[in-house]
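[1] Here is a sequence together with a model predicted from it:
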Amino acid sequence: MRSNPLDTSSLCAKEKQLSRSFIHLLVALCQKMTIQDVAEMLNVSWDLVKDHHKDYLHKIYRKRDWKRLKYLGIDEFSVKKGHKYLTIAVDLEIGDIIFANEGKSKETLILLLDERQLEFPPAVN
């Protein structure tokens, strides 16, 4: 009798190493489904899916050359009826959110710039 290739009930992240193809499948499914849905479909834990998807995202965004950033869009908006603010920064050329943090002050922007090793243009200081 042939085993089901999607039967992963015997897998345990801490005890067994997952194959690269399984991790690629897991990450690809995360592009179209929620972490919970992927975990249920593959019969693995939510934490396992989250950890591998998080590793994948770190690899993608760590490779980015921040010195090539030409156009930076910054916006702040309120959440929870104006009692809490978030600031986001967006690469306007490709539309990626590159930073999000609580607050709306200059210190929030300094955190962004320090994190990405960028500098304020002279007009902003």
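    Cool, the structure landed.
[2] in this structure, which spans are strands?
    72-79, 84-91, 97-102 (DSSP state E).
[3] could the ones you listed go into JSON lines alongside mean neighbour count?
    (Each C-beta comes from the backbone N, C-alpha and C, glycine too.) Output for those, formatted as JSON lines (neighbours: other CB atoms under 10 Å):
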{"stretch": "strand 72-79", "mean neighbour count": "12"}
{"stretch": "strand 84-91", "mean neighbour count": "17"}
{"stretch": "strand 97-102", "mean neighbour count": "14"}
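[4] Tell me which of the ones you listed sits nearest to residue 34.
    Closest to residue 34 of the strands of the chain is strand 97-102 (CB to CB; 19.0 Å).
[5] just checking, what packs against that closest one?
    strand 84-91, helix 106-116 (3 or more CB pairs under 8 Å, 6 or more residues apart in numbering; DSSP states H and E).
[6] Residue 69 touches residue 91, doesn't it?
    Yes - Residue 69 sits in contact with residue 91 when judged by CB atoms under 8 Å, with a separation of 6.0 Å.
[7] Between the two, which contacts overlap?
    Both residue 69 and residue 91 are in contact with residue 98, where contact means CB atoms under 8 Å, 6 or more residues apart in numbering.
[8] Tabulate the strands of the chain in CSV, adding columns for mean pLDDT.
    What follows is those, written out as CSV (pLDDT from 0 to 100):
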stretch, mean pLDDT
strand 72-79, 85
strand 84-91, 85
strand 97-102, 80
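[9] Could you export those strands to JSON lines, including columns for distance to residue 60?
    Formatted as JSON lines, the strands of the chain follow (distance: least, CB to CB, whole Å):
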{"stretch": "strand 72-79", "distance to residue 60": "19"}
{"stretch": "strand 84-91", "distance to residue 60": "13"}
{"stretch": "strand 97-102", "distance to residue 60": "12"}
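[10] Which one, of those strands, ends up nearest to residue 52?
    Once the strands of the chain are compared by CB to CB, strand 97-102 is nearest, at 21.4 Å.
[11] so what's the closest residue to residue 73 other than its chain neighbours up against?
    Excluding the flanking residues, the one nearest residue 73 by CB to CB, 6 or more residues apart in numbering is residue 90, at 4.3 Å. Applying CB under 8 Å, 6+ apart to residue 90 gives the contacts 72, 73, 74, 75, 96, 97, 98.
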